[in-house]
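**Q** Next comes the sequence, and after it the predicted model I'd like to discuss.
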Amino acid sequence: MAAKEGSLSINSENIFPIIKKWLYSDHDIFIRELISNGVDAISKIRQLSSLGEAELPEGEKYRVDVLVSPADKTLTFVDNGIGMTFEEVEKYINQIAFSGAAEFLEKYKDKDQTEQIIGHFGLGFYSAFMVSDKVVIETKSYREDAAPVLWTCEGGTTFEMEEGTYAERGTRITLYLSEDSLEFANEMRVRDVIQKYCAFMPVEIYLTNEDKAKEAVKDAVVQDKKKEEDDLIGDVSEDVSDDAEEKEEKQEEPLNDIHPLWTRNPSDVTDEEYKDFFQHVFLDFKEPLFWIHLNMDYPFRLKGILYFPRINPNVDPFEGKVKLFNNQVFVADNIREVIPEFLLTLKGVIDCPDLPLNVSRSALQNDGFVKKISEYITKKVADKLTGMYKTEKEKYEGLWEDLSPFVKFGCLKDPKFEEKMHDYMIYKNIEGKFLTLPEYLEAAKEKHENTVYYISDAELQASYIEMFKKEGMDALYMTHNIDNPFISTLEMKNENVKFLRIDADLSANMQDEEVAEEEAKTASEKLLPLMKKASGNENLKLDMKKLKDADMPALLLVSEQERRMAEMMKAYSFGGDLPDYAKNAETLVMNLKSSLVQYLLENAEKEEAVPVAEEIYDLAVLANQPLSADRLTAFISRTGKFLLHAASADQKDE
């Protein structure tokens with residue numbers, strides 16, 4: 001075979017600088033591409049062997065080796081795959097963007113394919129030039145009559161190709177790293193990249209530090225020389241060297257799992273294996289709530305596992321990580337075109353060999369196809385949840401408080417998901433029982449028809465909850481951050497139903513009797529100036545009622561509509577305070593059956609009534625929300641004085 005020099009056949013001028021700077025978004029991606037090429041080469045030789053078109057040694061172990069040499073500043077990729085002939089190097093390497101895998105698939109498309117080919121992107125090999133000044137390929141085809149090939153390219157568009165000396169079937173690619181890419185001559189750096197992109201590739205991958213390996217063999221020989229006779233040194237050193245290499249081989253382990261959990265039949269996987277996989281891949285040691293094993297062959301191929309993680313909403317971010325794979329090759333995390341947005345709150349893996357990816361495997365091109373994948377995943381999640389409700393209702397209820405944020409977010413983001421889940425949404429009531437919305441409305445229709453009372457903060461609204469319990473009324477716990485927007489969705493879906501926070505309205509069931517209009521007007525005129533002064537709120541509104549609980553002097557109600565407006569305005573002001581909006585939403589209900597309120601009515605114009613009015617107002621606020629720092633300080637001081645006065649009065653009585 002005559003040596004050959006030439007220019008790479010390209011359709012675009014100066015493509016190498018483009019490859020080096022822009023083709024791949026992450027420079028470490030070249031490791032994935034070159035390992036993928038090695039895996040492809042092994043997949044091809046396996047397939048040819050299964051078709052009887054290639055004879056291979058009995059029991060041969062297939063592998064991809066990555067060799068790091070900090071001393072030589074090189075990174076080498078070795079596979080024992082199909083190899084290349086002179087003509088194939090000419091065709092697949094010298095003509096950029098000609099896809100060997102694509103032609104291979106076309107040739108064998110009508111035959112029984114037992115393995116899929118990972119690479120069909122054409123430019124994968126050239127990612128090597130992102131980090132290299134020089135690239136050398138040594139390859140030998142499986143064909144018996146083929147000579148080995150040596151191909152060298154030093155960073156430009158010119159190459160040298162001649163007959164080589166490579167003796168093994170397969171390919172060895174050596175990258176002479178550029179000065180700005182010497183990080184890839186570091187064993188730990190390369191290990192991290194392999195574990196990031198190649199942790200589940202279908203061929204075993206091994207990483208070796210060539211410098212350390214050579215040093216280990218050298219040390220073994222030196223040690224042996226000290227023990228053996230001079231006339232045996234040559235033979236024994238060879239034996240020891242072989243022993244050292246054998247020992248090294250026995251101890252080495254692949255960096256990847258060639259049979260990841262998602263490729264297995266769900267019926268063959270135990271719960272413990274699912275949990276172990278979750279912990280290993282996501283480093284999350286909280287046991288997941290449950291999982292869904294995806295397995296589809298038509299109209300597209302898709303496998304995967306989605307986990308519903310257990311999260312603490314006060315600590316953990318409301319986001320997950322769904323890893324996307326293409327034939328066990330990692331592509332990216334959380335690709336929104338493939339995975340429905342609301343499912344990005346989950347954790348899991350999805351492997352879809354049919355995904356249409358661009359050259360960098362980091363973006364999708366065929367929206368129609370991708371939409372079908374997204375719809376399938378959504379359907380499988382909804383089927384799992386509704387199936388659990390129907391057949392494992394107790395388990396479903398036990399998981400609901402953890403599940404509900406995911407499900408509600410899905411309903412907000414995906415109308416089709418909301419349609420599937422509509423009849424299976426449940427809510428915990430005051431008694432701790434779970435009800436659907438229709439069940440709650442049916443049970444409550446005698447006391448408050450078409451009105452849903454909800455609790456947003458169980459601690460702050462504890463007094464209101466007790467009032468509801470005493471009157472045999474019910475409310476639903478909706479305490480997660482996502483419940484606020486979700487309530488708006490429920491109102492749109494249930495046009496005749498009104499949603500009120502438990503402190504937004506005073507039910508007639510809580511009133512002892514109606515207050516005459518004239519009585520209410522007179523009392524309000526007397527107390528309003530006093531209570532405005534006591535509260536410091538000139539916009540305060542008063543309402544006179546006679547409540548069943550005579551021990552409760554006042555109750556603070558917050559208008560649902562005005563409160564929502566205040567919250568919305570506060571959000572648009574980027575967290576700034578809007579006191580006028582908040583204060584306009586408040587109505588102080590004065591209980592005319594309370595002896596304290598009667599005291600205020602009798603002494604409204606006296607100065608000593610002011611601290612009593614302040615105490616009544618602060619107590620009403622405390623039953624609804626925290627006091628401001630200034631009011632809390634004054635409240636503590638004032639309460640102390642009241643207690644001291646009460647204690648002194650008791651001593652006088654004695």
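**A** Happy to help now that I have it.

**Q** going forward, measure contacts between C-alpha atoms and count neighbours the same way
**A** Fine.

**Q** quick one, helices of the stretch 151-300 of the chain?
**A** The residue ranges that make up the helices of the stretch 151-300 of the chain, judged by DSSP state H, counting those that start in this stretch, are 187-197, 210-227, 233-251, 271-282.

**Q** Walking through the stretch 301-450 of the chain, point out its strands one by one.
**A** Counting by DSSP state E, counting those that start in this stretch, residue ranges of the strands within the stretch 301-450 of the chain are 302-308, 321-326, 329-333, 347-351, 427-428, 434-435.

**Q** Serialize those strands to JSON lines and add fields for mean pLDDT and distance to residue 544.
**A** Written out in JSON lines, the entries for the strands of the stretch 301-450 of the chain read as follows (pLDDT from 0 to 100; distance: least, CA to CA, whole Å):
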{"stretch": "strand 302-308", "mean pLDDT": "92", "distance to residue 544": "50"}
{"stretch": "strand 321-326", "mean pLDDT": "88", "distance to residue 544": "54"}
{"stretch": "strand 329-333", "mean pLDDT": "84", "distance to residue 544": "59"}
{"stretch": "strand 347-351", "mean pLDDT": "92", "distance to residue 544": "54"}
{"stretch": "strand 427-428", "mean pLDDT": "96", "distance to residue 544": "33"}
{"stretch": "strand 434-435", "mean pLDDT": "96", "distance to residue 544": "35"}
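
**Q** For residue 181, find the nearest of the ones you listed.
**A** With distances scored as CA to CA, the stretch of the strands of the stretch 301-450 of the chain nearest to residue 181 is strand 329-333 (22.3 Å).

**Q** for that closest one, packing partners?
**A** Strand 329-333 sits against helix 187-197, strand 321-326, with contacts defined as 3 or more CA pairs under 8 Å, 6 or more residues apart in numbering; DSSP states H and E.

**Q** okay, the ones you listed, which one's buried deepest?
**A** Stretch with highest mean neighbour count among the helices and strands packed on strand 329-333: strand 321-326 (a mean of 23; mean count of other CA atoms under 10 Å).

**Q** out of the strands of the stretch 301-450 of the chain, nearest to residue 647?
**A** Ranking the strands of the stretch 301-450 of the chain by distance to residue 647, with CA to CA as the measure, places strand 427-428 first at 43.8 Å.

**Q** partners of the closest one in the sheet?
**A** With DSSP bridges as the test, strand 427-428 is paired with strand 434-435 (antiparallel).

**Q** Any idea how many residues pack against residue 179?
**A** Neighbourhood size, residue 179 [other CA atoms under 10 Å]: 11.

**Q** Next: the one 5 residues further on.
**A** Here the number of neighbours of residue 184 (other CA under 10 Å) works out to 23.

**Q** residues contacting it?
**A** Neighbour list for residue 184: 75, 177, 190 [criterion: CA atoms under 8 Å, 6 or more residues apart in numbering].

**Q** Please read off the pLDDT at the first one from the model.
**A** Each residue has a pLDDT score; the one for residue 75 is 96.

**Q** Residue 478 too?
**A** According to the predicted model, the pLDDT of residue 478 comes to 93.

**Q** That one touches residue 452, doesn't it?
**A** No: using CA atoms under 8 Å, residue 478 and residue 452 do not qualify as a contacting pair, with a distance of 11.1 Å.

**Q** circling back to that earlier point, figure out which of the helices and strands packed on strand 329-333 is closest to residue 627.
**A** Distance to residue 627, taken as CA to CA, is lowest for strand 321-326 among those, at 39.7 Å.

**Q** Redo the helices and strands packed on strand 329-333 as JSON lines? Include distance to residue 287.
**A** As requested, these are exported to JSON lines (distance: least, CA to CA, whole Å):
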{"stretch": "helix 187-197", "distance to residue 287": "23"}
{"stretch": "strand 321-326", "distance to residue 287": "16"}
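
**Q** closest one to residue 458 among these?
**A** Comparing the helices and strands packed on strand 329-333 against residue 458 with CA to CA, the closest turns out to be strand 321-326 (31.3 Å).

**Q** re the thing from before, distance to residue 38 added to the strands of the stretch 301-450 of the chain, as JSON lines?
**A** As requested, these are exported to JSON lines (distance: least, CA to CA, whole Å):
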{"stretch": "strand 302-308", "distance to residue 38": "23"}
{"stretch": "strand 321-326", "distance to residue 38": "16"}
{"stretch": "strand 329-333", "distance to residue 38": "12"}
{"stretch": "strand 347-351", "distance to residue 38": "20"}
{"stretch": "strand 427-428", "distance to residue 38": "54"}
{"stretch": "strand 434-435", "distance to residue 38": "55"}
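
**Q** Among those strands, which comes closest to residue 611?
**A** With CA to CA as the criterion, residue 611 lies closest to strand 427-428 of the strands of the stretch 301-450 of the chain, at 40.2 Å.

**Q** So which residues lie in contact with that closest one, not counting its own?
**A** Contacting residues not belonging to strand 427-428 are listed as 433-437, 476-478 [CA under 8 Å, 6+ apart].

**Q** Out of the helices of the stretch 151-300 of the chain, which gets the lowest mean score?
**A** Confidence, taken as mean pLDDT, is least for helix 233-251 of the helices of the stretch 151-300 of the chain (a mean of 51).

**Q** circling back: which of the strands of the stretch 301-450 of the chain sits closest to residue 569?
**A** Taking CA to CA as the measure, these were each checked against residue 569, and strand 427-428 came out nearest at 28.4 Å.

**Q** quick one: the closest one to chain centroid distance?
**A** The chain centroid and the centroid of strand 427-428 are separated by 26 Å, computed with CA atoms, centre = their mean, to the nearest Å.

**Q** How about stretch 263-272?
**A** Relative to its parent chain, stretch 263-272 has a centroid offset of 23 Å by CA atoms, centre = their mean.

**Q** Just the buried positions in it, please.
**A** Within stretch 263-272, the residues scored as buried using 16 or more other CA atoms under 10 Å are residue 263.

**Q** Tell me which of the strands of the stretch 301-450 of the chain sits most buried.
**A** Mean neighbours per residue, mean count of other CA under 10 Å, is largest over the strands of the stretch 301-450 of the chain for strand 347-351, with a mean of 25.

**Q** Partner strands of that one, with direction?
**A** In the sheet containing strand 347-351, its partner strands are strand 302-308 (antiparallel), strand 321-326 (parallel), by DSSP bridges.

**Q** got those as TSV, with distance to residue 79 columns?
**A** Formatted as TSV, the strands paired with strand 347-351 follow (distance: least, CA to CA, whole Å):
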stretch	distance to residue 79
strand 302-308	27
strand 321-326	20
